[in-house]
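Peer 1: Structure of the sequence below:
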Amino acid sequence: ASYLWEGKARREEEGTGGVCFQARVFLSCADKAGSDGLNFTDQAGLNCSEYLRRGWCGGIWDANLEYSPKGGAPQLLLPLEPLVTANEACCACGGGEVRSLWTEARCLPVAVRPDYAPEIFIAEQIEGLDPPCKDLLLGDPRVLERRCTTPVLRAACRPPFHCPHPDAGAGIDAVADIIQTGHLTRPPRRVTEDTSMGSVGVVDIISGGYSCVEGGTLRAVAGGKFEAVFEVARPGTFRGESGAITDVTITVPGSGYLSAPVLEISSGGRGCKGYSLEARLSTGGLHLVPVFPGVGMDVEMIVRDHPLDTVPTIRIDTTLPPDMARAVFHPPVIGAGYTSRRFTWKPHRSLSGSAPVAVCFSAQDSSGVVSANGYQLVPSKAVAACLSVTVIRCRYAVNEGENLRTIAAFYRTNWVQLWALNPEIRTPDMDLAPGALVSVGHIYKIERDDTVLALLRKFGAARKQFEMVNNDWAVEPDKVLLPGQSLCVTPGACGTNV
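Peer 2: The predicted model follows:
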């Protein structure tokens, strides 16, 4: 026999207990001295004569005869006995007794644990170093270590994971260990939402200023397509000090801001002085996923849960922008205690340095309670996370069969420039390994009073080539450059026909 125990434990029952089992084995109807059974009455008040009248016992009352119940006989409860069949009741009515044995009791330990919400992990690509390598004596005392020099983008793990399984703390700080030990993939790690990014949700008026004679519009100095309109207080309107900025209304919240942008008046606002406006972002933290043009993004979203629960699928909750129209969200893979979905996107090479995109995922497990008519009585436990998908500026992940000449042709530069930028590449004509990371320019930090036009003249760079590696500037060419921001610059030191 088998026994299935399905119980919803209460929080106060957490801990380790036990469930004990004992089986009762019924034997045949045996002779019994006397006729106590003739006085049998079941809980419904039916006696042996009534059993006979209804034909439940075959109509033969004999202490030595085993009775077979006929169709329709219910299960009845004899005095001081567990639930029995009509056959056993008829045995008692005929003057016999039903003998039984009890097995030895066996107890099984039962551990009641909290059923927490699922956890989201991510298996993602990682930068590493491949040959050529050198053996170096480092440290004190000296230890021989191998250091490789060629940067490469390594693939993510795939279910069933051919790398450490995501467990408590696995892979959180394992990057250096993986590079040193030569692992080809990074263990799945918990999604860490430590990168801020989002849209402007609120504009606080720290000081409305003075002397404004008209309302106007606001923009973000750093771009991002934020727009807002503001009004000013006029005499007799009781809306604040006359000539101050009031009632800022956001018309376009913008996107991709890693920090709250600085705001300025873009039109109108004649005469406004001394104002101070502060933007606040409307979204929280995201997990940063760097994406390299060329190979692109290839990550695995993994939801881990208790093996008794299931996670039917992982959903994508974001409407992707047109630039990500060719991104693929692959079918789910369901295993023991986890569900995963692969998300791939190969950005066009001209998207280098484009504004980050927030991509959010969610999932829920099967722990909820659903009634027979389909209404959910207790909700399932849900979990969600967001990624900041950021196309890296100034670097390219090589596809199979590419070399410096083919890469230079696309980026409107020449192989001599790229060769100088990548000293680990020995010969410019060699086919590079898939995933090899190639620099396609220099990262330049913006200084005070820099303009794009001045930088192009300073480095002898062509505008079209500059736009290929600085997509954010290409889509918003009029935005102001702020000190500390980064741009990718390839000096025009050689003719493009070299």
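
Peer 1: Quick check: next helix or strand after the helix-or-strand element of the chain with minimal mean pLDDT?
Peer 2: Least confident element among the helices and strands of the chain, by mean pLDDT, DSSP states H and E: helix 175-181 (a mean of 35). Sequence order places strand 189-190 as the next helix or strand after helix 175-181, per DSSP states H and E.

Peer 1: for that next one, what is the average pLDDT?
Peer 2: Averaged over strand 189-190, pLDDT sits at 82.

Peer 1: One more: stretch 195-209?
Peer 2: For stretch 195-209, the mean pLDDT works out to 84.

Peer 1: Keeping just the C-alphas, turn that stretch into CSV.
Peer 2: Extracted as CSV, the C-alpha positions of stretch 195-209 are listed here (Å, rounded to 0.1, in the frame of the first residue of the first chain):
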residue,chain,number,x,y,z
THR,A,195,23.3,49.9,-11.1
SER,A,196,20.9,52.9,-11.2
MET,A,197,19.2,53.6,-14.4
GLY,A,198,15.8,55.0,-15.4
SER,A,199,13.6,57.9,-16.5
VAL,A,200,13.0,61.2,-14.7
GLY,A,201,9.9,60.7,-12.5
VAL,A,202,9.8,64.0,-10.6
VAL,A,203,11.3,67.4,-10.8
ASP,A,204,11.8,69.1,-7.5
ILE,A,205,11.8,73.0,-7.4
ILE,A,206,14.6,73.7,-4.9
SER,A,207,14.4,77.4,-5.7
GLY,A,208,12.0,79.0,-8.2
GLY,A,209,14.3,81.9,-8.8
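
Peer 1: Can you list the buried residues in that stretch?
Peer 2: 195, 197-200, 203, 205, 208-209 (16 or more other Cβ atoms under 10 Å). Quick note: C-beta positions are derived from backbone N, CA and C, even for glycine.

Peer 1: Would you mind measuring from residue 298 to residue 399?
Peer 2: Shown here: residue 298 relative to residue 399, a distance of 13 Å by Cβ to Cβ, to the nearest Å.

Peer 1: These two: which is more packed in?
Peer 2: residue 298 (19 against 16; other Cβ atoms under 10 Å).

Peer 1: Mind listing the residues bridging to the nearest residue to the more buried one once chain neighbours are set aside?
Peer 2: Computed as Cβ to Cβ, 6 or more residues apart in numbering, the closest residue to residue 298 that is not its neighbour in sequence is residue 344, at 4.9 Å. In this entry, residue 344 is beta-bridged to residue 298, residue 328, by DSSP bridges.

Peer 1: my guess is residue 344 contacts residue 297, does it?
Peer 2: Yes - in this structure, residue 344 is within contact of residue 297 by Cβ atoms under 8 Å, at 6.4 Å.

Peer 1: now residue 216: how far from residue 291?
Peer 2: 38 Å.

Peer 1: okay, those two: which has more neighbours?
Peer 2: The neighbour comparison of residue 216 against residue 291 (other Cβ under 10 Å) goes to residue 291, with 25 against 18.

Peer 1: got a list of what the closest residue to that one other than its chain neighbours touches?
Peer 2: What sits nearest to residue 291 in space, not counting adjacent residues and going by Cβ to Cβ, 6+ apart, is residue 297, at 4.3 Å. For residue 297, the contact set (Cβ atoms under 8 Å, 6 or more residues apart in numbering) comprises 125, 289, 291, 343-347, 389.

Peer 1: ok, now with 7 Å
Peer 2: Residues counted as contacts of residue 297 (Cβ atoms under 7 Å, 6 or more residues apart in numbering) are 289, 291, 344-345, 389.

Peer 1: Now list the buried members of these.
Peer 2: 289, 291, 345, 389.

Peer 1: Farthest-apart pair in those residues, please.
Peer 2: The two members of the buried ones among the contacts of residue 297 with the most space between them (Cβ to Cβ) are 289 and 345, at 9.8 Å.

Peer 1: Low-confidence bits of the stretch 351-498 of the chain, can you list those?
Peer 2: Scanning the stretch 351-498 of the chain for pLDDT under 70 picks out the ranges 369, 371, 374-378, 493-498.

Peer 1: how about the strands of it, start to end?
Peer 2: 357-364, 369-370, 376-378, 382-391, 395-397, 437-439, 442-445, 486-489 (DSSP state E, counting those that start in this stretch).

Peer 1: a markdown table for those strands, including distance to residue 261?
Peer 2: Below are these laid out as a markdown table (distance: least, Cβ to Cβ, whole Å):
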| stretch | distance to residue 261 |
| --- | --- |
| strand 357-364 | 16 |
| strand 369-370 | 46 |
| strand 376-378 | 42 |
| strand 382-391 | 16 |
| strand 395-397 | 26 |
| strand 437-439 | 29 |
| strand 442-445 | 19 |
| strand 486-489 | 16 |
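
Peer 1: so which of the ones you listed gets nearest residue 310?
Peer 2: strand 357-364 (10.3 Å).

Peer 1: For that closest one, C-alpha coordinates in CSV please.
Peer 2: Extracted as CSV, the C-alpha positions of strand 357-364 are listed here (Å, rounded to 0.1, in the frame of the first residue of the first chain):
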residue,chain,number,x,y,z
VAL,A,357,18.2,49.8,-22.1
ALA,A,358,16.3,48.4,-19.1
VAL,A,359,15.0,44.9,-19.7
CYS,A,360,12.9,43.4,-16.9
PHE,A,361,12.0,39.7,-16.2
SER,A,362,9.5,38.1,-13.8
ALA,A,363,8.4,34.6,-12.8
GLN,A,364,6.2,33.0,-10.2
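
Peer 1: Residue 253: what's its closest spatial neighbour, skipping adjacent residues?
Peer 2: Spatial nearest neighbour of residue 253, excluding adjacent residues (Cβ to Cβ, 6+ apart): residue 199 at 3.7 Å.

Peer 1: Tell me who's in contact with that neighbour.
Peer 2: So residue 199 contacts 253-255, 257, 281-283 (Cβ under 7 Å, 6+ apart).

Peer 1: Please repeat the previous calculation with a cut-off of 6 Å.
Peer 2: By Cβ atoms under 6 Å, 6 or more residues apart in numbering, the contact list for residue 199 reads 253-255, 282.

Peer 1: Which ones among these map onto helices?
Peer 2: For the contacts of residue 199, not one is inside helices, with DSSP state H as the criterion.

Peer 1: Deepest-packed of the strands of the stretch 351-498 of the chain, please.
Peer 2: Burial of the strands of the stretch 351-498 of the chain is given as mean neighbour count (mean count of other Cβ atoms under 10 Å); strand 395-397 ranks first at a mean of 24.

Peer 1: which residues sit against stretch 318-333?
Peer 2: Stretch 318-333 is contacted by residues 159, 313, 316, 339-345, 359-360 when judged by Cβ under 6 Å, 6+ apart.

Peer 1: Verify the contact between residue 247 and residue 231 for me.
Peer 2: Yes - contact criterion Cβ atoms under 6 Å: residue 247 and residue 231 qualify, at 4.6 Å.

Peer 1: who has more neighbours, those two?
Peer 2: Remark: of residue 247 and residue 231, residue 231 carries more neighbours, 17 against 14, as counted by other Cβ under 10 Å.
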